[in-house]
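Q: what shape does this take:
(one chain, ligands or ions: 1)
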Amino acid sequence: MRLSSFLCGAPPVGIIGERLYGRDRGGIKVALKHGKENVPALEMTKLIGGYSQRRPVLHGVSITVHPGEMVGLIGLNGAGKSTAIKHILGLMVPQSGEVRVAGVKLEENREQYRSSTAYVPEQPSLFPNLTVKEHLQWTAMAYKMEEADAVKRMEELALTFRMTEAMNALPDTLSKGMKQKVMLMNALLVRPPLLIIDEPFLGLDPLAIRGLLTALEEVREGGSAILLSSHILPALERRANRLVVLHRGRMIAEGTPREVKTQAGCTDPESTLDDAFEALVLAAEAKVKAEAEGGHKRA
Ligand SMILES: Nc1ncnc2c1ncn2[C@@H]1O[C@H](COP(=O)(O)OP(=O)(O)OP(=O)(O)O)[C@@H](O)[C@H]1O
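A: The predicted model follows:
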């Protein structure tokens, strides 16, 4: 199916923005409108939430991302990163606390909230009948980009991600990493105000990782706010302005990479973010164990 005929019918899955949001929440959500400089692009405040009222996953998590800032969200498997992202995307309702995107809560202005956020999930989700180029054209049209700007940006992104030769390929013929690149290219095409990316480096080759980091740097400098969840700590150590470290749904450290290392007690200039993360997790686990033992003694 070519793009022209595709556009006449209903899309098979939702991919972009509020209009199609309900059809597939795993797709890319992108927007054009940038947040005001002094209003945080994302403000999650003391959020308690999760999958059941009795056993919340998140216990008072606060995350702020300003325009022009990249914040890394890190934590072990099961720490609560994806749950926090689901709350930001409005897919889960907080038990207490709140989430504001570009100053508004979801219930105050659904359209503004949704249209200010772009999300790239860990698992690529593409239209099977659209080529790489058609995905990008569809995004550009949906967001009414100037044609010349869209064409220029598509060429830049194709070069950045080394996808020039794959622009006419269908998703089924692409590798996992290439599919992920298409998702990222679509999100980056429109330079969203708040870009949330869940584990973007898995499956990408080393040059693609470098290209992605450069592209993210560029959209960040252009005023976008980026929340990036990842286990690849060296990349975050080099590129993130600030980090939020989650453990068992609680924030155990927050600040610049250097501040997080200091909070972990890693004062040696040779110490890495990996060292700091391990120290923070061990300290948090020791605290959990001591509290459990204290509870047993009292009982
Ligand atoms: N759909 C669900 N229903 C119930 N509990 C869930 C569900 N999804 C996740 N959880 C639980 O919530 C907690 C946090 O999971 P979450 O997926 O947010 O972790 P994560 O930090 O994103 O982990 P990972 O690095 O493995 O992606 C875990 O204890 C997990 O078992």
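Q: quick one, what contacts D205?
A: Residues near D205 by CB atoms under 8 Å, 6 or more residues apart in numbering: G177. C-beta: built from backbone N, CA, C; applies to glycine.
Q: now it: how far from R162?
A: 8 Å (CB to CB, to the nearest Å).
Q: can you check R114 too?
A: Separation of R114 from R162 (CB to CB) stands at 32 Å.
Q: more neighbours: the two, which one.
A: Between R114 and R162, R114 has the larger neighbour count (other CB atoms under 10 Å), namely 18 against 14.
Q: verify the stated contact: the more buried one with G90.
A: Yes: R114 lies in contact with G90 (CB atoms under 8 Å); the separation is 7.1 Å.
Q: shared neighbours of those two, anything?
A: Joint contacts of R114 and G90 (CB under 8 Å, 6+ apart) are L106.
Q: stretch 48-59 near the ligand anywhere?
A: Yes: contact between stretch 48-59 and the ligand, assessed by CB under 6 Å from any ligand atom, occurs at Y51, V57.
Q: what is the mean pLDDT for that stretch?
A: Regarding stretch 48-59, the rounded mean pLDDT is 94.
Q: go through it and flag the buried ones.
A: By 16 or more other CB atoms under 10 Å, the buried positions in stretch 48-59 come out as I48, G49, G50, P56, V57, L58, H59.
Q: I'd like these as CSV, with secondary structure appended.
A: What follows is the buried residues of stretch 48-59, written out as CSV (DSSP: H, G, I helix; E, B strand; the rest coil):
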residue, secondary structure
I48, strand
G49, strand
G50, coil
P56, coil
V57, coil
L58, strand
H59, strand
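Q: what's the burial count for K289?
A: For K289, the neighbour count with other CB under 10 Å is 10.
Q: just the CA coordinates of stretch 106-116, formatted as PDB?
A: Extracted as PDB, the C-alpha positions of stretch 106-116 are listed here (Å, rounded to 0.1, in the frame of the first residue of the first chain):
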ATOM      1  CA  LEU A 106      -3.700  15.500  32.000                       C
ATOM      2  CA  GLU A 107      -7.200  16.100  33.400                       C
ATOM      3  CA  GLU A 108      -6.800  19.900  32.900                       C
ATOM      4  CA  ASN A 109      -6.100  19.800  29.200                       C
ATOM      5  CA  ARG A 110      -5.700  16.400  27.600                       C
ATOM      6  CA  GLU A 111      -4.900  17.700  24.200                       C
ATOM      7  CA  GLN A 112      -2.100  20.000  25.300                       C
ATOM      8  CA  TYR A 113      -0.700  17.400  27.700                       C
ATOM      9  CA  ARG A 114      -0.600  14.700  25.000                       C
ATOM     10  CA  SER A 115       0.500  16.900  22.200                       C
ATOM     11  CA  SER A 116       3.500  18.100  24.300                       C
END
